[in-house]
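>>> A structural model of the following input is requested.
(chains A and B)
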2 protein chains.
Amino acid sequence: MKTYLDCIPCFMQQALRAGRLATTNEKKIKLILDKTGEMVKNVSMNATPAETGMMIYGIVREVTGVKDPFKAIKKQHLKETKAIYPELEKIVANSDDKLLTAIKIAIAGNIIDLGVSRAFDIVSDVKKILKQEFAVFDYTAFKKQLKKTKNILYIGDNVGESVFDKILINELKKPVKYAVRSIPIINDVTWEDAIASGLHEVTELIDSGCKSPGVILNQSTPEFLELFNTTGLVISKGQGNYEGLSDCNRQVFFLLKSKCPIIANHLGIEDNAIILKEHKI
Amino acid sequence: MKTYLDCIPCFMQQALRAGRLATTNEKKIKLILDKTGEMVKNVSMNATPAETGMMIYGIVREVTGVKDPFKAIKKQHLKETKAIYPELEKIVANSDDKLLTAIKIAIAGNIIDLGVSRAFDIVSDVKKILKQEFAVFDYTAFKKQLKKTKNILYIGDNVGESVFDKILINELKKPVKYAVRSIPIINDVTWEDAIASGLHEVTELIDSGCKSPGVILNQSTPEFLELFNTTGLVISKGQGNYEGLSDCNRQVFFLLKSKCPIIANHLGIEDNAIILKEHKI
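I've put the predicted structure just below:
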């Protein structure tokens, strides 16, 4: 997915938000905005927004020296999602279609990057999403590919959501490699976060090589690319990964909740819709 | 009022919005955003947001050659507000406190810069505001000053709202000078717009000398400054004028509806609140 003009004010908003999480020094935050502003002329409209996002968070690191401004938020999300994990397991166990319920829970986790929610809010959001209809629902194709494949590449998104991913991974019943970001970027799952989410217990962790808030293939490691090209089933979580993979040359199943009007429009769906979408070659 | 960090992403949003109204050429709009981005480092946090706004709309003019991107919107707002003018006159005539009703109507007009509303929406918004309590209500001080003064300086804000101003001006029963912007800036009232609003029939029009979306005293004409310093009662409409005058050294009565969380916070009121506030020396 390319960058849209509407993404540019949003970049500035993201720079402000991340700057405020990294420091309370207003002069430093202004400097982050100055540098983000200067960067606008170098933003290629053909690049994905995730590539620009990488530049913004690089500026935040450079100005503040803080490598992981979202650390405290990630910790809180981990705590809250792990607290309700047993309840989510029960919901799956008691459902008629365990795989589908687990998919919906994994998508529900995708709401977590919106801010700090209390545990009971997350439960109520999950229950809402369990009742929500899919705007795109390629479940038959998904089940067919799941049956056929020997292994799965699962591309992670946010921390907290990562705990919910474990619920789905348990229902896939095939070997899963779980791809993470190379460095802390927004609240995306890194290697360390994946371990804190317990994902190393059920998957083999893989470093995607990406420092952006979404996988970008030309910035991935050769190992990740090899896996991406050869694994029978690829599951991509969230908007950031969709931005990077929406035009790729292989089948990918996108699981996400749309939280940005530009991405929703690109997908031809409403804001706040949930999708299980097969991207065909 | 100074510039807050939150104003900066909003500047970028305004540049995009005005750019889109001025042209459909995406490359030109991107150039407007590039130049706005480069401008961020020159934004003084001690300047009012209106000063920066002036720079943004200057960029739009420079890149597109369009001097008045909001021309069509202003025309539509004039048409709609003039259509309901007789109804507003009746509401005032039938009210117990004609002055207060006219003040509320003049504030109701301040909602118009939010976008293109249909006539019946404006009427319904006016009726809502007529029932709304003031968050700041210095009506006694206002009436006292109105009684005492020989003449009034009324600093206009948006087109459409300008038609509603006429309702209030008719109730002031004193000679009014109505100050306008020097050039088209957003949908603010220029000399031409004031005439189209019928304000020349009830006031003496004055060019403030300001090219910004809000009066800035050090950019005003000596004539305006003289009036500002010597007139017995000064009425300032809207957020842009508040930004420029909130720290001034004379009594001013601010009439506005808060539509920006930063200004609301600066005033210590909720978003969407209405105020009749006496600024004391």
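
>>> Just give the number of residues close to the residue of the stretch 151-281 of chain A found nearest chain B.
Going by C-beta to the nearest C-beta, chain B is nearest to residue A:262 of the stretch 151-281 of chain A, at 12.2 Å. Quick note: C-beta positions are derived from backbone N, CA and C, even for glycine. Residues near residue A:262, counting by other C-beta atoms under 10 Å in any protein chain shown, number 19.

>>> Can the strand or helix carrying residue A:30 be said to contact chain B?
Under the criterion of DSSP states H and E, residue A:30 resides in helix A:26-39. Yes: using C-beta under 8 Å from any C-beta of the partner chain, we find that helix A:26-39 touches chain B at A:26, A:29-30, A:33-34, A:36-39.

>>> quick revisit: OK, contacts around the residue of the stretch 151-281 of chain A closest to chain B?
By C-beta atoms under 8 Å, 6 or more residues apart in numbering or on different chains, the residues touching residue A:262 are A:4, A:6-7.

>>> which SS state does it fall under?
Following DSSP: H, G, I helix; E, B strand; the rest coil, the label given to residue A:262 is helix.

>>> C-alpha coordinates for stretch A:96-114, PDB please?
Provided in PDB are the C-alpha atoms of stretch A:96-114 (Å, rounded to 0.1, in the frame of the first residue of the first chain):
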ATOM      1  CA  ASP A  96     -18.900 -24.600  18.300                       C
ATOM      2  CA  ASP A  97     -16.200 -23.600  15.800                       C
ATOM      3  CA  LYS A  98     -13.000 -23.300  17.900                       C
ATOM      4  CA  LEU A  99     -10.800 -22.200  15.000                       C
ATOM      5  CA  LEU A 100     -13.200 -19.400  14.000                       C
ATOM      6  CA  THR A 101     -13.500 -18.200  17.600                       C
ATOM      7  CA  ALA A 102      -9.800 -18.200  18.000                       C
ATOM      8  CA  ILE A 103      -9.400 -16.200  14.800                       C
ATOM      9  CA  LYS A 104     -11.900 -13.600  16.100                       C
ATOM     10  CA  ILE A 105     -10.000 -13.400  19.400                       C
ATOM     11  CA  ALA A 106      -6.700 -12.900  17.600                       C
ATOM     12  CA  ILE A 107      -8.400 -10.100  15.600                       C
ATOM     13  CA  ALA A 108      -9.900  -8.600  18.800                       C
ATOM     14  CA  GLY A 109      -6.300  -8.400  20.100                       C
ATOM     15  CA  ASN A 110      -5.600  -6.000  17.200                       C
ATOM     16  CA  ILE A 111      -7.700  -3.300  19.000                       C
ATOM     17  CA  ILE A 112      -5.000  -3.000  21.700                       C
ATOM     18  CA  ASP A 113      -2.800  -0.400  20.000                       C
ATOM     19  CA  LEU A 114      -5.500   2.200  20.500                       C
END
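
>>> Quick check: buried residues in that stretch?
A:99-113 (16 or more other C-beta atoms under 10 Å in any protein chain shown).

>>> Contact partners for the residue nearest to residue A:212 when sequence neighbours are not counted?
Spatial nearest neighbour of residue A:212, excluding adjacent residues (C-beta to C-beta, 6 or more residues apart in numbering or on different chains): residue A:54 at 3.8 Å. Counting by C-beta under 8 Å, 6+ apart, residue A:54 makes contact with A:185, A:211-213.

>>> Great, nothing more from me.
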